[in-house]
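J.: Build me a model from this:
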Amino acid sequence: MRFQFALAFLWLFGSSLVLWLGSSFLFEQEERGIAERFQRDTRLLQQALTEFEWPTPWEVAPEWERLETEFDVDMIPLILPKPPGTGSMVVVSPAANSPATESSAAAIMPHWHPTIRGMAQLQTTAELTLRSIPRNAGERQVAEKSLFAAEGAEQKVHVLFARKVLRSSQQRLWWISGGAIFALGTLLATALVANYISRNKREYAAFSPWNRVAQSPPPHDQPLQLPHLPATTPLCLSLDAVADAVNANTNQLHNANQRSNLALGNLQEGVLAVDDQSRVLLANQAVHEHLELANEPYLYRPFLEVVRVPLLTEIVQHVLSRGTPREETGEIGTRARALRILGRPLPLGNGCNGVLITIRDETLLKRIDAVRKDFIANASHELKTPLAAIRAYAETLQMGALDDREAAEKFVASIISQADRIDGLVKGMLQLTRVESNSALKMEAFDAAEALEPCLTAARAMSLSKSIQLELQLPEHPLIIQSDRDGFQTIASNLLSNAVRYTPEGGKVQISLTETPQHCVLSVIDNGIGIREADLERIFERFYRAEKGRSSDTGGTGLGLSIVKHLINALGGSVTATSQLQSGSCFEVRLPLPTRRQTS
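T.: As a prediction, this is how the structure comes out:
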């Protein structure tokens, strides 16, 4: 701002100096021109008066009027006594101080030229009269011209007259210069004021985003965007630096917040934070899923309005009141999930503590634990039963049954049967382990109908003993699939053996192998004892029995359908089961067909 005022002062001073020099130059030019005109007019008038013979009366002579008109003067006749040898002489005298005055020759004579004064002294006793009639009383000096301009007092009168005229011209020039300078100063002041106002408006406009941010900060999940301020003052420069620092810190906080939200959002455990006023500070997506919360804003809302779970409320109140952790387990929600909830004190600063709650869904763990217990129990039972039978047969033989050949052969056959059952159980468990690890799969292209033949041969042998009718529906052309041959045969063998095993004598089992645009479909349908609808969801679990003693009565291990399920999943297929008690069951397996690139 100081620089602008200094620049304006220099500009105004330079303009005034230029105007003053210009006016002085014009004044000198005009003064020189007027002086030259006076000298020229004086010489012309002197020549005209000395060479001209004046008639009488002088005032009305045409020559007199012509001279007045030509030289723009009032000719004032002054009649002197006739000198010896000359006629009367008329001269033009300087005007008196007031119009129409009369003075004696003695009073006027000191102001005349020495020549005229000498002529007037020829007759000193004569009374002379001087009439001064200026053309314009207000500007009488302008209408006067001197007769002699060579030297003497008359020259002084002439010069004084010229100076007065030039002084009025100079005053006009000064007035013009002053007006121009005033106009320039006013224009400069207006420009400075306009610049000041516009600068204030620009600064106000630049500060407007700051004011808006201060009045209504952006949401916490949006970065703070502050524009740069105009660098007009050190304060603005400092604020610009502060804005850059604030913006950088805000971006860092925003990025850190995004990373934290991303990490919390991908956690399987629910994380819930509550302040000392029981208001919700944080809740990740897992909390919404575990507690089945509505998808609505929850920040800084009362905890009881967001979460209406009595167990969680008790944990929050316990931690807030006692400041000690608390852990509980319970089934929460409509899906009866088994949740483990742990509440810990959360330091918030200023001596205040909130509550940090972690929620872990242990439903799957509990189910796995239940499956493990069932597996151990079932495996123990499946192994214990044949082992007990083998022990009983062996003890019977030891006690003397060896002497009875027929009984001994019967007991030995039973021992071999129970040993085969144990062997099948162990093999099934090992096969299930290999299937789960995907270590025994060998993907290759083969004809599904051709691979199905060994399975059908084994099923025919089983069905003949029970007079079960097998109906086949196979494709007329080769049905090529990209799968594991042994796994496919295991799936078909288990489904066929189960169908024959649980179908009464004289029943019927249908086997079909068809093709859809994307899948190879293997269907096994029987009219056996069927499965209850409540058991359909669990028939693919290990050692699960729809009815107690079902597997043992029919010679099954309880692992067949579990092996089928895991094999189909490993091969990228799907299996569905439908059944009705005393009407039979239907198992449908879908395996993907190979693409053109795979077949070629």
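J.: Where does pLDDT dip in the stretch 451-600 of the chain?
T.: For the stretch 451-600 of the chain, the stretches with pLDDT under 70 are 543, 545-557, 596-600.
J.: Which parts of it are helices?
T.: Taking DSSP state H, counting those that start in this stretch as the test, the helices found in the stretch 451-600 of the chain are 485-501, 550-554, 560-570, 596-599.
J.: Same list (these) but as a markdown table, adding mean neighbour count and distance to I529.
T.: C-beta here means a position set from N, CA and C on the backbone, and glycine is covered the same way. Below are these laid out as a markdown table (neighbours: other Cβ atoms under 10 Å; distance: least, Cβ to Cβ, whole Å):
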| stretch | mean neighbour count | distance to I529 |
| --- | --- | --- |
| helix 485-501 | 22 | 10 |
| helix 550-554 | 16 | 9 |
| helix 560-570 | 22 | 15 |
| helix 596-599 | 8 | 41 |
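J.: closest to R337 out of those?
T.: Closest of those to R337 is helix 560-570, at 24.0 Å (criterion: Cβ to Cβ).
J.: picking up where we left off before, between the helices of the stretch 451-600 of the chain, which one is closest to P478.
T.: Comparing these by Cβ to Cβ, helix 596-599 comes nearest, at 11.3 Å.
J.: who's in contact with stretch 567-586?
T.: 435, 438, 441, 483-484, 487-488, 490-491, 499, 502-503, 519, 523-533, 536, 539-540, 564-565, 587-592 (Cβ atoms under 8 Å, 6 or more residues apart in numbering).
J.: about what we covered before: mind checking which of the helices of the stretch 451-600 of the chain is nearest G323?
T.: Closest to G323 of the helices of the stretch 451-600 of the chain is helix 560-570 (Cβ to Cβ; 49.2 Å).
J.: May I have the closest one exported as CSV, CA atoms only?
T.: The C-alpha trace of helix 560-570 is given here as CSV (Å, rounded to 0.1, in the frame of the first residue of the first chain):
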residue,chain,number,x,y,z
GLY,A,560,-20.3,-92.0,1.9
LEU,A,561,-22.4,-88.9,1.3
SER,A,562,-19.8,-86.7,3.1
ILE,A,563,-17.2,-88.0,0.6
VAL,A,564,-19.6,-87.3,-2.3
LYS,A,565,-20.2,-83.8,-1.1
HIS,A,566,-16.5,-82.9,-0.7
LEU,A,567,-15.6,-84.5,-4.0
ILE,A,568,-18.2,-82.7,-6.0
ASN,A,569,-17.2,-79.3,-4.4
ALA,A,570,-13.5,-80.1,-5.3
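J.: now the angle between helix 485-501 and it, please.
T.: Between the axes of helix 560-570 and helix 485-501, defined by axes from the mean of the first three to the mean of the last three Cα atoms, to 10 degrees, the angle is 150 degrees.
J.: can you pull the contacts of G506?
T.: G506 touches 466-468, counting by Cβ under 8 Å, 6+ apart.
J.: Give me the buried subset of those residues.
T.: Taking 16 or more other Cβ atoms under 10 Å as the criterion, what is buried in the contacts of G506 is I468.
J.: The helix or strand hosting R367 packs against which elements?
T.: Using DSSP states H and E, R367 sits within helix 363-398. Other helices and strands packing on helix 363-398, by 3 or more Cβ pairs under 8 Å, 6 or more residues apart in numbering; DSSP states H and E, are strand 337-349, helix 405-437, helix 550-554.
J.: Which ones among the contacts of stretch 567-586 lie within strands?
T.: Per DSSP state E, strands hold the following members of those: 483-484, 519, 523-526, 587-592.
J.: Quick check: PyMOL command selecting the buried ones in those.
T.: Command for PyMOL that selects the buried part of the ones in strands among the contacts of stretch 567-586, burial taken from 16+ other Cβ under 10 Å:
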select buried, resi 483+484+519+523+524+525+526+587+588+589+590+591
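J.: where's the nearest residue in space to G330 that is not next to it in sequence, which helix or strand?
T.: Spatial nearest neighbour of G330, excluding adjacent residues (Cβ to Cβ, 6 or more residues apart in numbering): L311 at 5.2 Å. Using DSSP H and E, L311 sits within helix 310-322.
J.: Over to L282?
T.: Applying DSSP H and E as the criterion places L282 in strand 280-283.
J.: what lines up beside that strand in the sheet?
T.: strand 270-274 (antiparallel) (DSSP bridges).
J.: contact partners of the partner strand?
T.: 264, 280-284, 286-287, 289-291, 303, 307, 316, 320, 346, 354-360.
J.: one step back: quick check, nearest of the ones in strands among the contacts of stretch 567-586 to R367?
T.: For these, the nearest to R367 is F587 (23.8 Å; Cβ to Cβ).
J.: distance of that closest one from T250?
T.: Distance, F587 to T250, by Cβ to Cβ, to the nearest Å: 61 Å.
J.: just S260 next, same as before
T.: From S260 to T250 the distance is 15 Å (Cβ to Cβ).
J.: So which of the two has more stuff around it?
T.: Comparing S260 with T250 by other Cβ atoms under 10 Å, the one with more neighbours is T250, at 16 against 12.
J.: Tell me which helix or strand the more buried one sits in.
T.: Going by DSSP H and E, T250 is part of helix 234-265.
J.: Can you spell out which helices and strands pack onto that helix?
T.: Applying 3+ Cβ pairs under 8 Å, 6+ apart, one finds that helix 234-265 makes contact with helix 153-215.
J.: pLDDT of the helix it packs on, averaged?
T.: The pLDDT scores in helix 153-215 average 62.
J.: Could you do stretch 368-380 as well?
T.: The average pLDDT within stretch 368-380 is 74.
J.: Send over it as CSV, restricted to the C-alpha atoms.
T.: This file holds the C-alpha atoms of stretch 368-380, laid out as CSV (Å, rounded to 0.1, in the frame of the first residue of the first chain):
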residue,chain,number,x,y,z
ILE,A,368,-17.3,-77.3,14.1
ASP,A,369,-16.8,-78.3,17.7
ALA,A,370,-20.1,-80.2,17.6
VAL,A,371,-19.1,-81.9,14.4
ARG,A,372,-15.8,-82.8,16.0
LYS,A,373,-17.5,-84.3,19.0
ASP,A,374,-20.0,-86.1,16.8
PHE,A,375,-17.1,-87.4,14.6
ILE,A,376,-15.2,-88.7,17.6
ALA,A,377,-18.3,-90.2,19.0
ASN,A,378,-19.4,-91.7,15.7
ALA,A,379,-15.9,-92.9,14.8
SER,A,380,-15.6,-94.4,18.2
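J.: what does it contact?
T.: The contact list for stretch 368-380 (Cβ under 8 Å, 6+ apart) reads 425, 429, 541-544, 558.
J.: likewise stretch 311-321?
T.: 274, 276, 278, 291, 303-304, 307, 324-326, 328, 330, 332, 341, 343-345, 353-355, 357.
J.: Give the buried subset of these as a PyMOL selection command.
T.: In PyMOL, this line selects whichever of the contacts of stretch 311-321 come out buried by 16+ other Cβ under 10 Å:
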select buried, resi 274+278+291+303+307+326+332+341+343+344+353+354+355+357
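J.: Go through the contacts of stretch 311-321 and flag which are in helices.
T.: 291, 303-304 (DSSP state H).
J.: about what we covered before: ok, of the ones in strands among the contacts of stretch 567-586, which one's closest to G185?
T.: For the ones in strands among the contacts of stretch 567-586, the nearest to G185 is P592 (94.1 Å; Cβ to Cβ).
J.: Which residues lie in contact with the closest one in this structure?
T.: 481-482, 518-520, 571-573.
J.: again with E289
T.: Contact partners of E289, counting by Cβ under 8 Å, 6+ apart, are G270.
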